[in-house]
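>>> Attaching a predicted model along with its sequence, questions to come.
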Amino acid sequence: MDDVATWSALRLAGAIRSREISSRELLKLYLDRIHRLNIDVNAVVTLDEERASAAAGEADAATARGDSIGPLHGLPVTIKDAIETAGLRSTGGAEALSQHVPTADAPAVAQLKAAGAIVFGKTNLPEWSRDVQTYNDLFGTTNNPWDPTLVPGGSSGGAAAAVACGFTSFELGTDIGGSVRIPAHCCGVFGLKPSFGLVSQRGYLDHAAGGTTDVDINVFGPMARSAADLDVLLDVLAGPAPEAAVAWRVALPEPRGTSLADYRIGVWFDEPGQGAIESSYSAVLTDVVAKLADAGARIEPAHPPVDFTDQVALFFRLVGAAISPGLPAELAEVTAGSHLDWLQRDRERAWLRSVWSKWFETYDILLCPVSPTPAFPHQQEGDLLERQMIIEGSPRPYIDHSAWAGLIGVVGLPSAVPPIGRTAAGLPVGMQVVAPYLRDRDAIRIAALIAEIAGGYEPPPGF
């Protein structure tokens, strides 16, 4: 029965509806796997077995009665530990919140529960979600399930590893600088960074007093084992902030097309002066483009007329201000800058958004890398600004792991990441599928088509 654990969320939900499997059986399967296999990965850090078992029993009783049920009915799930979950320790990966047990769910968690999901655990992350790998003093290091000497990505690294390992039906992560997209890429699962503002991010624990306001650039996004799962989860999660729900509704447009031939696709894999993409990852990207062209895609090298370096620099300046509340006071003042600084940068961003919007009048989708490398070795010495990585023999700043993700995140665009195959060393890799603002369904549609031709989810060896 172990293979059931790695079915897609949609397939699992159908099996529960048809009584092929019960919610309690699925929960037991996930808990058994976590108790057996989590020790080598350290993806799941907190469990709520008793309450989850009771909720699963109630879900099974509802199924037996023939009650009307939601699309996620009876699905046991874990949630990134940066997201407040009622009655369940939620720490942000920080000692300061080691005993924090929220009394209310983050709105996104409440929406998942209202659709039938049963939260039974929390997954690991770096402290305050501020790294592209996953470790902290509370829970230790999370390893990549494909190779424990490598990172699972960050900051939603525990979430991606849990999905890859078949420890959960799906996951909810957060992404301010690639924190859904980079782990999806490193662990071989699907991830979606929704359009900025599309999913409520209240309840986000990025500092000790966090969770009550929205954070610039940040989004909550689903992680799963199929693109179809992302589509259903987007339906559940998309909506206004709670205080706006009395008046506002979300009605996302349907995808523009059904096949690759319906889309004009630009490719941006290289940026002179920014250093190379690691060769084994580059080879997979190139191979995918060839396969898409053979399958009838209208695909060509093209990207918006923006300066990569300038746009990424703007991302780092704005993200520095966004994370400053969680920094020591003297560092926070330097990182955040003045309000006038932020307003000037926001004007720059508004201009960039208009450039991207104009480009998307001609093209429907942009494909670009997630990060310069596949999953990389654990590197915990020094801080983010001191570390370096070596790509093709040349040193690069460690923070460049977030450059391609930040390029897209700073202008608020949706980006889906499908698994697109494996490198010569056997590591899974992904690709960003970027669509116009609020065209999230197009990003998911193309991600699904790419995965059909050139990849898709596979369980890591041993899972």
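Cool, got the structure.
>>> so residue 248 sits right up against residue 242, yeah?
No: at 10.7 Å, residue 248 does not count as touching residue 242 under the criterion of C-beta atoms under 8 Å. C-betas here are computed from N, CA, C, even on glycine.
>>> Counting neighbours, what do you get for the spatially closest residue to residue 461 that is not a sequence neighbour?
Once flanking residues are discounted, residue 461 sits nearest to residue 146: 7.5 Å by C-beta to C-beta, 6 or more residues apart in numbering. When neighbours are counted by other C-beta atoms under 10 Å, residue 146 registers 24.
>>> do the same with residue 35
Residue 35 has 12 nearby residues by other C-beta under 10 Å.
>>> So which elements touch the strand or helix carrying it?
If you go by DSSP states H and E, residue 35 is part of helix 23-37. Contacts defined by 3 or more C-beta pairs under 8 Å, 6 or more residues apart in numbering; DSSP states H and E place helix 23-37 against helix 9-17, strand 44-47, helix 49-65, strand 76-80, strand 118-123.
>>> and the fourth one, what does it pack onto?
Helices and strands touching strand 76-80, as assessed by 3+ C-beta pairs under 8 Å, 6+ apart, comprise helix 23-37, strand 118-123, helix 157-165, strand 171-175.
>>> Past it, which element shows up next along the chain?
helix 107-114.
>>> now the angle between strand 171-175 and that following helix, please.
Using axes from the mean of the first three to the mean of the last three C-alpha atoms, to 10 degrees, one finds that helix 107-114 and strand 171-175 are set 160 degrees apart in direction.
>>> which of the residues in helix 107-114 are buried?
Neighbour-count burial for helix 107-114 flags 107-113 (criterion: 16 or more other C-beta atoms under 10 Å).
>>> export it as PDB, just CAs?
Below are the C-alpha coordinates for helix 107-114, written out as PDB (Å, rounded to 0.1, in the frame of the first residue of the first chain):
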ATOM      1  CA  PRO A 107      -6.800  32.300   6.500                       C
ATOM      2  CA  ALA A 108      -5.100  30.100   3.900                       C
ATOM      3  CA  VAL A 109      -5.100  27.200   6.400                       C
ATOM      4  CA  ALA A 110      -8.700  27.800   7.300                       C
ATOM      5  CA  GLN A 111      -9.600  27.700   3.600                       C
ATOM      6  CA  LEU A 112      -7.800  24.300   3.200                       C
ATOM      7  CA  LYS A 113      -9.700  23.000   6.200                       C
ATOM      8  CA  ALA A 114     -13.000  24.300   4.900                       C
END
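>>> distance between it and the chain's centre?
Centroid separation for helix 107-114 versus its chain: 17 Å, with C-alpha atoms, centre = their mean, to the nearest Å.
>>> Packing partners of that helix?
Checking 3+ C-beta pairs under 8 Å, 6+ apart, helix 107-114 ends up next to strand 118-123, strand 171-175, helix 227-237.
>>> Try it again at 10 Å.
Secondary-structure packing of helix 107-114 (3 or more C-beta pairs under 10 Å, 6 or more residues apart in numbering; DSSP states H and E): strand 76-80, strand 118-123, strand 171-175, strand 219-224, helix 227-237.
>>> And stretch 291-307, what's buried?
Buried residues in stretch 291-307, counted by 16+ other C-beta under 10 Å: 291-292, 295, 297, 299, 303-304, 306.
>>> what sits up against the helix or strand hosting residue 332?
Element membership of residue 332 [criterion: DSSP H and E] is helix 329-336. Residues outside helix 329-336 that contact it (C-beta atoms under 10 Å, 6 or more residues apart in numbering): 207, 317, 319-328, 342.
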